[in-house]
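Engineer: A predicted structure for the sequence below; I have some questions about it.
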Amino acid sequence: MKIFGMSSTALFIFHEGLEELEAIAPLDILRRAGVECTTASTGAQLEVTGKNGITVKADELFEDIAENSYNLVVIPGGPGVYPLRENSRVIEFVRNHAEIGKPTAAICAAPLILNDAGVLEGRAYTAHSSVADELPDIHEGSAVVSDGHIITSRGAGTAIEFGLELAKRMTSSETSQAVAESINYQRTG
């Protein structure tokens, strides 16, 4: 699938303390859908240890990636979002990506990054209930909320549905459905 005249590409921003399921499930689904995915560590090394002690190896360091070279940016949640909010380069990268209308996605606590980047204002969104004090307009009854090019999701329990929505956005409904069938995904409720 071609997006913006290029191959469909996605950047996953990996940070220490990420929620592993929120990073790996959507990444796996997008790769199954044929999207070229790159993972970038915001730390000084490629290895990133998540909330549950699982260490994953990113493809690149965030500091080495090219600005605006991806069609989609995905930010997983987890407690590592709080220190990530202090990373001005990440905030600026997300702002620039979203401001030119490219799909920008965040799950769990990561919509805080979108808020800090100034791209949630006037948009429908969801997030984990633990961040409701800073994001009071969370759509609590929705697993995934898409408003224009901003896609948000509630948390680890919605990671597969989030990934399938991203696959639909980056490829097609048919491809997303084929991936859902290949993993025996069945919506509950």
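Structural biologist: Yes, it's here.
Engineer: What's the local residue count around the closest residue to Glu19 other than its chain neighbours?
Structural biologist: Distances taken as CB to CB, 6 or more residues apart in numbering place Gly78 nearest to Glu19, at 3.5 Å, with adjacent residues excluded. To be clear about C-beta, it is placed using only N, CA and C from the backbone, and glycine gets the same treatment. By the criterion of other CB atoms under 10 Å, Gly78 has 26 neighbours.
Engineer: Gly101 too?
Structural biologist: 10.
Engineer: pretty sure it is in a strand, no?
Structural biologist: No. Secondary structure of Gly101 (DSSP: H, G, I helix; E, B strand; the rest coil): coil, not part of a strand.
Engineer: quick one: the residue nearest to Glu19 and Gly50 touch, right?
Structural biologist: Yes. Contact status for Gly78 versus Gly50: in contact at 6.5 Å, counting by CB atoms under 8 Å.
Engineer: can you list residues touching both of these two?
Structural biologist: Common neighbours of Gly78 and Gly50 (criterion: CB atoms under 8 Å, 6 or more residues apart in numbering): Gly17, Leu18, Glu19, Glu20.
Engineer: quick one: contacts for the closest residue to Asp137 other than its chain neighbours?
Structural biologist: Using CB to CB, 6+ apart and skipping residues adjacent in sequence, the residue nearest Asp137 is Tyr125, 7.1 Å away. Tyr125 sits next to Pro111, Leu114, Leu135, Asp137, Ile138, His139, Val145, Asp147, Ile150, Thr152 when contact means CB under 8 Å, 6+ apart.
Engineer: mind checking the backbone torsions on Tyr125?
Structural biologist: phi -160, psi 170 (degrees, to the nearest 10).
Engineer: Could you list everything it pairs with in the sheet?
Structural biologist: Beta-bridge pairing for Tyr125 (DSSP bridges): Ile138.
Engineer: any idea how far it is from Leu166?
Structural biologist: 15 Å (CB to CB, to the nearest Å).
Engineer: what's the pLDDT at the residue nearest in space to the middle of the chain?
Structural biologist: Centroid check for the chain by CA atoms, centre = their mean gives Val74 as the closest residue, at 2.5 Å. Per-residue confidence (pLDDT) for Val74: 98.
Engineer: In terms of helix, strand or coil, where does it fall?
Structural biologist: Strictly by three-state DSSP, Val74 counts as strand.
Engineer: That one reaches Ala25, doesn't it?
Structural biologist: No. Look at Val74 against Ala25 with CB under 8 Å: they stay out of range, at 10.9 Å.
Engineer: about what we covered before: from Val119, how far out is the residue nearest to Asp137?
Structural biologist: For Tyr125, the distance to Val119 equals 10 Å [CB to CB].
Engineer: Many thanks, have a good one.
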